[in-house]
Structure formats: structure tokens, C-alpha cells
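Enquirer: Next comes the sequence, and after it the predicted model I'd like to discuss.
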Amino acid sequence: MLRFFEFLQERTLDEGNPLARVHKFEKKNRPTAAITGYRANKSPEENKAAMKSFDKDLRAKGYGFRKSEGTWEGGKEPSRFVTAKGKGNRHVKQFKRDMTNLSTKYDQDAVAIRHNKQTNLVGTNDTGYPGRGKVDNVGKTRYNVKDAPFQTEFKPGKPSSKRPKFTTS
């Protein structure tokens with residue numbers, strides 16, 4: 001027999017609640033990342049092409065992702081919530097390397113990588129926070145916190161559902 005929380009988690013997975021999936025990956029210690037190919041200083045046409053190319057690169061590397069909306073330096077941007085292919089050391093190292101390389105390729109300031117219930121911002125260029133090669137631990141994953149400095153918002157699976165959020169602090 002399932003405990004209530006387990007029942008609720010299975011039920012929400014079936015109904016398309018993206019936070020249930022995030023929580024499932026967190027419990028299984030499987031790394032995830034919030035990443036984008038979007039740049040605020042580019043035109044809408046350039047960003048559309050960059051995101052299309054970005055999605056293609058993720059798929060070519062074999063990663064599954066969910067479209068989301070991230071917050072960076074007070075502005076919103078289209079993002080991708082990406083999950084590692086597996087949970088062993090080999091998968092973790094490859095995932096972190098791939099996400100960092102993609103973030104560098106698309107001229108991002110940083111990529112948010114969550115593993116072991118902690119989220120780190122990994123700097124991938126010289127002009128933005130936290131700085132190339134620097135890692136800033138931004139805290140544990142928290143859910144449905146308004147106006148947090150680093151957050152990702154998932155688009156609802158159904159028209160009537162609210163937009164769930166997860167953040168770090």
C-alpha cells in the first residue's frame with residue numbers, strides 16, 4: 001500500500017504536474033539543470049533561432065528537457081529544465097560537462113545545476129555573474145516561493161492549472 005505522499009506523487013505524475021517530476025529526480029539524486037540559449041541583448045529573431053539550435057543541441061546529446069521560463073537578473077527568459085541521463089558518477093560528470101559547454105557555446109553567464117539537493121550556479125563567461133569557472137552555491141531547491149532571485153517556472157500541462165515554480169535559497 002502506498003503512503004499518502006507516494007500516492008499523491010504518482011497521481012500528479014500521471015496528471016502532468018512538472019514539480020512532481022522534479023521532486024522525483026531530487027529524491028533519486030539525479031542531476032538537473034536550468035539552462036537557456038536566450039540572450040536579452042539579441043533581437044527576437046536571433047533568440048528564436050538560438051533557442052531552436054539550442055533545443056537541437058540538447059536532443060543531439062540525448063537529453064530530455066521541459067520548456068520553462070527562468071528568471072535572470074530581474075528579467076524573464078525562455079529556459080529548459082534538463083535531466084541527466086542517469087544517476088551514477090559517470091552520468092553526473094558528463095551532464096555537468098555538457099551543460100557547462102552548452103552554456104558557454106550560447107554565451108550564457110551561468111548554468112544552474114542541481115545535484116545532491118544543492119543548486120550551484122556555474123559561471124561560463126567572463127562578463128557575467130558569477131564569472132567563468134566560478135561556482136556559487138545558491139542553496140537548496142524550494143517550491144512555490146514568490147520573487148526568489150533564481151527561479152524556474154514551468155508552463156502548465158492543462159489550461160486550468162497554475163504555473164508551479166521551484167527556486168533555490
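Expert: Sure thing, it's come through.

Enquirer: Rounded mean pLDDT for the one helix or strand Ser53 maps to, please.
Expert: Secondary structure assigned from DSSP states H and E places Ser53 in helix 44-60. Taken as a whole, helix 44-60 has an average pLDDT of 95.

Enquirer: Mind listing residues that contact that helix?
Expert: Thr36, Gly37, Tyr38, Arg39, Lys42, Phe65, Pro78, Arg80, Val82, Leu102, Lys105, Tyr106 (CB atoms under 8 Å, 6 or more residues apart in numbering). Yep, even glycine has a C-beta here, placed from its N, CA and C like the rest.

Enquirer: Kindly indicate which of the residues you listed lies nearest Lys117.
Expert: Each of these was scored against Lys117 by CB to CB, and Val82 proved nearest at 17.6 Å.

Enquirer: Sheet partners, orientation included, of the helix or strand that the closest one is a member of?
Expert: Using DSSP H and E, Val82 sits within strand 75-83. On the basis of DSSP bridges, the sheet neighbours of strand 75-83 come out as strand 32-35 (antiparallel), strand 65-72 (antiparallel).

Enquirer: Can you lay out those as TSV showing distance to Asp55?
Expert: Putting these into TSV (distance: least, CB to CB, whole Å) gives the following:
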stretch	distance to Asp55
strand 32-35	11
strand 65-72	7
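
Enquirer: Regarding Ser103, what is its secondary structure?
Expert: Recorded secondary structure, Ser103: helix (DSSP: H, G, I helix; E, B strand; the rest coil).

Enquirer: Flag the shaky bits of the protein, pLDDT-wise.
Expert: Judged against pLDDT under 70, the low-scoring parts of the chain cover residues 1-23, 74, 141-169.
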